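A.B. asks: With the input below, show me the fold.
(chains A and B)
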Protein chains: 2
Amino acid sequence: MGRAAAIRPLREVPAWDDEADVVVVGLGAAGACAALEASSAGADTLILERASGGGGTSALSTGQIYLGGGTPIQEKCGFEDSPDEMYAYLMASCGPGADEPKIRLFCDDCVEHFHWLVAQGVPFKESFYGDGSYTPTDDCLSYSGSELAHPYRDIATPAPRGHTVQQETIEAGAILMRRLLDSVKRSAARTQVDTLCETLVLDEERRVVGAVAQVEGKLRHFRARQAVILTAGGFINNTEMVERYAPLLRKCKMRLGCDGDDGRGIRMGMGAGADVIRMDTASIVLPFTVPKSQIQGVMVNRQGQRFINEDAYQTVVGEAALHGQAGQVYLIVDDAIYEKPFPPTEIAAVGETFEELERELGFAEGSLQSTLELYNRGAQRGEDPVFHKAPAHLVPLVQPPFAALDYSTETAIWAVFTMGGLRTTPDGAVLTPDGEVVSGLFAAGRTTSGLAAQGYSSGLSLADGTFFGRRAGRAAAGRVARC
Amino acid sequence: MGRAAAIRPLREVPAWDDEADVVVVGLGAAGACAALEASSAGADTLILERASGGGGTSALSTGQIYLGGGTPIQEKCGFEDSPDEMYAYLMASCGPGADEPKIRLFCDDCVEHFHWLVAQGVPFKESFYGDGSYTPTDDCLSYSGSELAHPYRDIATPAPRGHTVQQETIEAGAILMRRLLDSVKRSAARTQVDTLCETLVLDEERRVVGAVAQVEGKLRHFRARQAVILTAGGFINNTEMVERYAPLLRKCKMRLGCDGDDGRGIRMGMGAGADVIRMDTASIVLPFTVPKSQIQGVMVNRQGQRFINEDAYQTVVGEAALHGQAGQVYLIVDDAIYEKPFPPTEIAAVGETFEELERELGFAEGSLQSTLELYNRGAQRGEDPVFHKAPAHLVPLVQPPFAALDYSTETAIWAVFTMGGLRTTPDGAVLTPDGEVVSGLFAAGRTTSGLAAQGYSSGLSLADGTFFGRRAGRAAAGRVARC
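C.D. replies: All right, here's what the predicted structure looks like:
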């Protein structure tokens, strides 16, 4: 898998082939935003991209960006939000490893960030899509997390914060990157494609002073007079790294990422002395909420027990199902709510009664029955006293036949990408295990461990990459303090 | 927390204050075994220990070592075991990140390792202690894992593998270290105490060639002609590292370790280019099995549901309770099995009926009741069809009053230490993120990520540290291939 962590000592660099104040490695959303800010702060900026054009995984994404605190779109669509409510939601939902300083900054400056994206030409329609997180239309705003679900609805006033870029004939992620790349073209930043970075160059003081890359089969050396910014994606497409750092993910069928997500950026940083954190964490999407009526179903484990409120966001359900239930889960539906789900999965068992369904599944006698009876008793009153699913999704399952849809990792499509990476300050400065700054090195996007450790809400990666990419760009250009 | 990762370039070393073929950092069980083997392989060996004497966390431990495959003690006590059965158990129980090559080697060579420990003077009585994992007597053998519990009892023929060093008036861990330290004294290895290693020295080729240490307030430089072996413990006593890598552990009251477990060894390795893995994993002991009758209780979460068979080993229950239930669990007992537990915890609620107990706990109506009724129906038949607790522990809860013992992290004592660390080969060679060897660097014990990632059985850390410490010592002495 290459020798990205084997840094090149400056004394072994024969000559520089090109140079700039700031060298950006990777041209996805984070790299584009870093380069734009570094360039507009006056730094001579050179972007090195391995593919034949920019875009990366961001261009393959749904183009949904988690933004809030009172954006113009939220206001136009009649949703109140504030930085503090957004902060309360993210701090509660992002797990015990949530990065508080990053979350605080992000929430406080989010509206400004929205305007900056618009200024780069990124289009958002002033409209709300109410039928799920993913917007198949050209609409913008949607609920893309667990804001309406227990316990978050009682912790922070819910507001939709998923901002999907306005789609045309191509998808929103591609539009987002097209517009950002156009902006990069208009800027003074230079882009060199087909340039696969191999490792970093360090001087005798262990300062990062450049990068080595493959260009047309030859090694080229790029000097960074001020800093290198690593924005080279995560490691979901490096099987060895997944096995090593996040072995549970191996069970999941669909890996969300492009070829560049081979962990190279993370290993380059580690070779230069960087710390890595939360390498076990991931966005784990269990897509079971289309049609939306499926949220009225009852998710159970192999013991016939519920383990979460089914209206929690599909990543939160996926995380709980993978980590707590080894990815062995079923969705119980009745005939009234059953429609063929998308993406499709298999029906594991059908029964005219709960008892028959339980037997067909091979569950212990009385296990699934007592779960469903308890659920139905509450649902009849419009309550879920055990897991607190919202009343809107509470309908007793009474219409036979009943079916168990197989949402195990073996059968259903689970979609994952990694969330762990280099540890950085809110300005993108890369830190060592001792908590010191790696001189001359910045990072952003999925090469870093961002603001969220767990409890992923859709759009957080593009938010993280664009927002902290910009900060890294500005810091690398030397215009703000480095830490 | 020091600058352990800030390596010292060789050119900045003014002069060597001492030198050896092999320098061992830390004199716990792993360090002692590494030094003994390096020394007996002919290497001039120097041990540097920060405290005023050897012992480390090993000396504070219960002195239980996980050994099997047919040791003389197992045979004398009438238990059959084989390397293959031991391998099957460990591979099934140690989680998705189990280190297969290490487990294979360990199981195959375990009997030899037992004899080696005896040859160092470590005493084991030929006796079996049947009343739990921890042996308060001078007995040796006990079940110290989940061997008898579902699903492991069906995967591998159960055998007790906890080998506790024979205790006298002092505890087994202290005896173990006293004997190993005596053996070190008899060897040619030299020991220098009160010597706090600060960081490693690297030459221009990034080869580890020595260590820098504080001795009586002054920096001293120790040359390692062949290799440094890091055996400096884990990071449970470095709050900042716990927050960063394993934030869930912050909830647990009792941190098992000595001052040396400040993560320094891990950071020294990282500074030299090492990879770290499974930094989120830990041994998480929820000590609820004294008196043993408590295993007949029913462990439930805040939803009034069971989540594991209560006869799984207390570390396995602890892991499931912390990761899956946020550490919010209760043990339900009836009057027939209730005795004051040790360590003590609080009674959260008492009720004459399941219904009353459920209400007192504030659980949803019918939730705990249906769990306990389902449990009792099975227990009456000597079965646990849902979680498969072994018949020996299945007694219906029928004798009021019923009580809920509070085993939440807030109230009960949970005891934890970290399991993540440097990634090493089975010979202890430290690896980079690219999978290459860090030249001149070896490691063992809790400074490394050992054979187990999850599903800890007691005695595995001393086993890991002593067994792979020896291998690291031999490899560092240059007598076996470096892998």
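
A.B. asks: buried ones in stretch A:250-266?
C.D. replies: Under the neighbour-count criterion of 16 or more other CB atoms under 10 Å in any protein chain shown, stretch A:250-266 has A:251-252, A:255-258, A:260-266 buried. Heads up, the C-betas are built off the backbone N, CA and C, glycines and all.

A.B. asks: Show me what the longest helix along chain A is packed against.
C.D. replies: Longest helix in chain A by number of residues (criterion: DSSP state H): helix A:460-476. Applying 3 or more CB pairs under 8 Å, 6 or more residues apart in numbering or on different chains; DSSP states H and E, we find helix A:460-476 packed against strand A:18-25, helix A:29-40, strand A:64-66, helix A:100-108, helix A:110-119, strand A:218-230, strand A:437-443.

A.B. asks: will you turn those into JSON lines that also has mean neighbour count, distance to A:R423 and mean pLDDT?
C.D. replies: Shown next, in JSON lines, are the helices and strands packed on helix A:460-476 (neighbours: other CB atoms under 10 Å in any protein chain shown; distance: least, CB to CB, whole Å; pLDDT from 0 to 100):
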{"stretch": "strand A:18-25", "mean neighbour count": "26", "distance to A:R423": "18", "mean pLDDT": "98"}
{"stretch": "helix A:29-40", "mean neighbour count": "31", "distance to A:R423": "16", "mean pLDDT": "98"}
{"stretch": "strand A:64-66", "mean neighbour count": "28", "distance to A:R423": "21", "mean pLDDT": "98"}
{"stretch": "helix A:100-108", "mean neighbour count": "19", "distance to A:R423": "11", "mean pLDDT": "98"}
{"stretch": "helix A:110-119", "mean neighbour count": "17", "distance to A:R423": "22", "mean pLDDT": "98"}
{"stretch": "strand A:218-230", "mean neighbour count": "23", "distance to A:R423": "12", "mean pLDDT": "98"}
{"stretch": "strand A:437-443", "mean neighbour count": "26", "distance to A:R423": "9", "mean pLDDT": "97"}
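
A.B. asks: Out of the ones you listed, the one nearest A:T409 is which?
C.D. replies: A:T409 sits nearest to strand A:64-66 of all those, at 24.3 Å, using CB to CB.

A.B. asks: Give me the subset of the buried residues of stretch A:250-266 that also touch chain B.
C.D. replies: Filtering the buried residues of stretch A:250-266 for proximity to chain B by CB under 8 Å from any CB of the partner chain leaves A:263, A:266.

A.B. asks: okay if I get the buried residues of stretch A:250-266 as TSV plus pLDDT and secondary structure?
C.D. replies: As requested, those are arranged in TSV below (pLDDT from 0 to 100; DSSP: H, G, I helix; E, B strand; the rest coil):
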residue	pLDDT	secondary structure
A:K251	93	helix
A:C252	95	coil
A:R255	96	strand
A:L256	96	coil
A:G257	96	coil
A:C258	95	coil
A:G260	95	coil
A:D261	97	coil
A:D262	97	coil
A:G263	98	coil
A:R264	97	helix
A:G265	98	helix
A:I266	98	helix
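
A.B. asks: which of the buried residues of stretch A:250-266 lies closest to A:E358?
C.D. replies: A:K251 (25.3 Å).

A.B. asks: Roughly how far does that closest one sit from B:G257?
C.D. replies: Remark: distance between A:K251 and B:G257 (CB to CB, to the nearest Å) = 33 Å.

A.B. asks: quick one: contacts for whichever residue of the stretch 151-300 of chain A sits closest to chain B?
C.D. replies: Chain B sits closest to A:P247 of the stretch 151-300 of chain A, with a gap of 3.9 Å, by CB to the nearest CB. The contact partners of A:P247, taken as CB atoms under 8 Å, 6 or more residues apart in numbering or on different chains, are B:95-97, B:453.

A.B. asks: likewise A:V215?
C.D. replies: A:V215 touches A:192, A:194-196, counting by CB under 8 Å, 6+ apart.

A.B. asks: Mind doing that once more with 7 Å?
C.D. replies: Shown in contact with A:V215 (CB atoms under 7 Å, 6 or more residues apart in numbering or on different chains): A:194-195.

A.B. asks: who does it bridge with?
C.D. replies: Applying DSSP bridges to A:V215 gives these bridge partners: A:T195, A:K218.

A.B. asks: wait, isn't A:L60 in contact with A:G260?
C.D. replies: No. With contacts counted by CB atoms under 7 Å, A:L60 stays clear of A:G260, the gap being 10.7 Å.

A.B. asks: Any stretches of the stretch 201-350 of chain A with poor pLDDT?
C.D. replies: Along the stretch 201-350 of chain A, no part satisfies pLDDT under 70.

A.B. asks: Next to chain B in this structure, residues from it, please.
C.D. replies: A:244-245, A:247-248, A:267, A:270-271, A:273, A:277, A:280, A:303, A:305, A:323-324 (CB under 7 Å from any CB of the partner chain).

A.B. asks: can we see that at 8 Å?
C.D. replies: A:204, A:240, A:244-245, A:247-248, A:250, A:263, A:266-267, A:270-271, A:273, A:275-280, A:303-306, A:323-324.

A.B. asks: for stretch A:239-250, how far is the first residue from the last?
C.D. replies: 8 Å (CA to CA, to the nearest Å).

A.B. asks: What of stretch A:414-422?
C.D. replies: 25 Å.

A.B. asks: next one: stretch A:446-464
C.D. replies: Taking CA to CA, the first and last residues of stretch A:446-464 lie 8 Å apart.

A.B. asks: Could you report the pLDDT at A:R482?
C.D. replies: You'll see A:R482 listed with a pLDDT of 40.

A.B. asks: Show me how far the longest helix of chain A is from its chain's centre.
C.D. replies: 14 Å (CA atoms, centre = their mean, to the nearest Å).

A.B. asks: cool, and stretch A:54-69?
C.D. replies: Relative to its parent chain, stretch A:54-69 has a centroid offset of 9 Å by CA atoms, centre = their mean.

A.B. asks: surely A:A15 meets A:H221?
C.D. replies: Yes. A:A15 is in contact with A:H221 according to CB atoms under 8 Å; the separation is 6.9 Å.

A.B. asks: what's the spacing between A:G63 and A:M86?
C.D. replies: Distance, A:G63 to A:M86, by CB to CB: 20 Å.

A.B. asks: for A:P401, same thing?
C.D. replies: Separation of A:P401 from A:M86 (CB to CB): 44 Å.

A.B. asks: neighbour count winner among these two?
C.D. replies: A:M86 (25 against 15; other CB atoms under 10 Å in any protein chain shown).

A.B. asks: is it true that that one lies in a helix?
C.D. replies: Yes. Membership of A:M86 in a helix is supported by DSSP: H, G, I helix; E, B strand; the rest coil.

A.B. asks: ok, it - contacts?
C.D. replies: A:M86 touches A:68-69, A:107, A:110, A:156, A:159, A:161, counting by CB under 8 Å, 6+ apart.

A.B. asks: Please apply the same query to A:W414.
C.D. replies: Counted by CB under 8 Å, 6+ apart, A:W414 has contacts A:251-254, A:284-286, A:318, A:322, A:327.

A.B. asks: Show the pLDDT at it.
C.D. replies: Confidence at A:W414, expressed as pLDDT, is 96.

A.B. asks: ok, the closest residue in space to it that isn't next to it in sequence to B:T169 distance?
C.D. replies: Among residues not flanking A:W414 along the chain, A:C252 sits closest, at 3.9 Å (CB to CB, 6 or more residues apart in numbering or on different chains). From A:C252 over to B:T169 the distance is 54 Å, taken as CB to CB.

A.B. asks: what secondary structure does A:V201 sit in?
C.D. replies: Three-state call for A:V201 (three-state DSSP): strand.

A.B. asks: How many neighbouring residues does it have?
C.D. replies: 25.

A.B. asks: nearest spatial neighbour of it, skipping sequence neighbours?
C.D. replies: Leaving aside its sequence neighbours, A:V201 sits nearest to A:G210 (CB to CB, 6+ apart; 3.8 Å).
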